[in-house]
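Undergrad: I would like the atomic coordinates for the input below:
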Amino acid sequence: MSLNSGTITYGKEIICFHVFYVDRKTLEIAVHPDGSVVIKAPLGTEYEEVQKIVVKRARWIKRQLDYFAQFNPRTPQRQYIGGETHLYLGRQYRLKIATGDRDEVKLTHGYFYITVKENPAYEKVKKLLEDWYLEKATEKFSESFERYWPYFGKHFLSKPRIRIRRMKKRWGSLSKKGTLTLNADLIRAPKECIDYVVTHELCHLQYHDHSPAFFNYWKGLCLIGKSESIN
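TA: This next block holds a predicted model:
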């Protein structure tokens, strides 16, 4: 398998892509949650031909990039007031805030119902919702990890421990000591994004870079990315 990289211009934006030449009959374009655009082209395909197809599909590629971009780690200013929308697993839910007998967060019928024993001030509502997110992140991230770990464990790799914290710029990372750190804000993204980050980082147990060997090892698990086949 060989690798090429290139760029095209779409409007005012530049789209970068990576081309892998593999033993297959059709060309496939995949856009992944981290914004990478990966092309799998049949062996012998001229680079110019690949570039022409990427230009032809640029609108579709940009649409997928925009879709995933909305889940990028970021810290927008939130007011934590009734009617404000917040993401959970890729869907938007509105806040409904009220006073009640106990502090509680429930997700039901398209709303976050938050009850606060005392005055529902900004800081109190924010802490309740963030604690709820952290609890769900611990649950959902562990589910994804345990679902995919058997694939890696059979290669006699050491099982990492999971740490969850908020990061401003990264979805996840894998330390040399074997700690898989996941961004707590990833719980706001769709499940396929969570699976993507978990499997991507676990692949670094075997390959510590983004070489063709890394992608080849990972491709069996990366059907998570939105893809389109060209006949």
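
Undergrad: Every contact and neighbour count from this point should use C-alpha atoms.
TA: Noted.

Undergrad: For Cys16, list each beta-bridge partner.
TA: Following DSSP bridges, Cys16 is listed with bridge partners Thr7.

Undergrad: Near it, how many other residues are there?
TA: Applying the criterion other C-alpha atoms under 10 Å, we find 14 residues in the vicinity of Cys16.

Undergrad: can you tell me which residues contact it?
TA: Residues in contact with Cys16 (C-alpha atoms under 8 Å, 6 or more residues apart in numbering) are Ser5, Gly6, Thr7, Ile8, Ser36, Val37.

Undergrad: hmm, which of those are the buried ones?
TA: Buried subset of these (neighbour count, 16 or more other C-alpha atoms under 10 Å): Val37.

Undergrad: so which of the contacts of Cys16 comes closest to Tyr148?
TA: Checking the contacts of Cys16 against Tyr148 by C-alpha to C-alpha gives Ser36 as the nearest, at 21.5 Å.

Undergrad: Please enumerate residues in contact with stretch 128-137?
TA: Outside stretch 128-137, the residues that touch it by C-alpha under 8 Å, 6+ apart are Asp103, Glu104, Val105, Ile114, Ile164, Ala184, Leu186, Ile187.

Undergrad: circling back: quick check: the two most widely separated of the contacts of Cys16?
TA: The most widely separated members of the contacts of Cys16, counting by C-alpha to C-alpha, are Ile8 and Ser36 (13.6 Å).

Undergrad: want to throw the contacts of Cys16 into TSV with pLDDT and distance to Asn119?
TA: Supplementary listing: the contacts of Cys16 in TSV, determined by pLDDT from 0 to 100; distance: C-alpha to C-alpha, whole Å:
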residue	pLDDT	distance to Asn119
Ser5	80	56
Gly6	85	56
Thr7	89	54
Ile8	90	54
Ser36	84	45
Val37	89	48
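
Undergrad: buried residues in the longest helix anywhere in the chain?
TA: Looking only at the chain and at elements set by DSSP state H, the helix with the highest residue count is helix 122-153. Burial within helix 122-153, assessed by neighbour count using 16+ other C-alpha under 10 Å, is assigned to 124-126, 128-129, 133-134, 136-138, 140-141, 144-145, 149, 152.

Undergrad: three-state assignment of the residue lying farthest from the centre of the chain?
TA: In the chain, Asp101 marks the outermost C-alpha relative to the chain mean, sitting 37.2 Å out by C-alpha atoms, centre = their mean. In terms of secondary structure, Asp101 is coil; the call rests on DSSP: H, G, I helix; E, B strand; the rest coil.

Undergrad: Also Leu180?
TA: Using three-state DSSP, the secondary structure recorded for Leu180 is strand.

Undergrad: returning to that earlier point: quick one: the contacts of stretch 128-137 as a markdown table, columns for distance to Val31, secondary structure and pLDDT too.
TA: As requested, those are arranged in a markdown table below (distance: C-alpha to C-alpha, whole Å; DSSP: H, G, I helix; E, B strand; the rest coil; pLDDT from 0 to 100):
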| residue | distance to Val31 | secondary structure | pLDDT |
| --- | --- | --- | --- |
| Asp103 | 41 | coil | 90 |
| Glu104 | 38 | strand | 92 |
| Val105 | 35 | strand | 94 |
| Ile114 | 36 | strand | 92 |
| Ile164 | 26 | strand | 95 |
| Ala184 | 23 | helix | 92 |
| Leu186 | 18 | helix | 91 |
| Ile187 | 20 | helix | 94 |
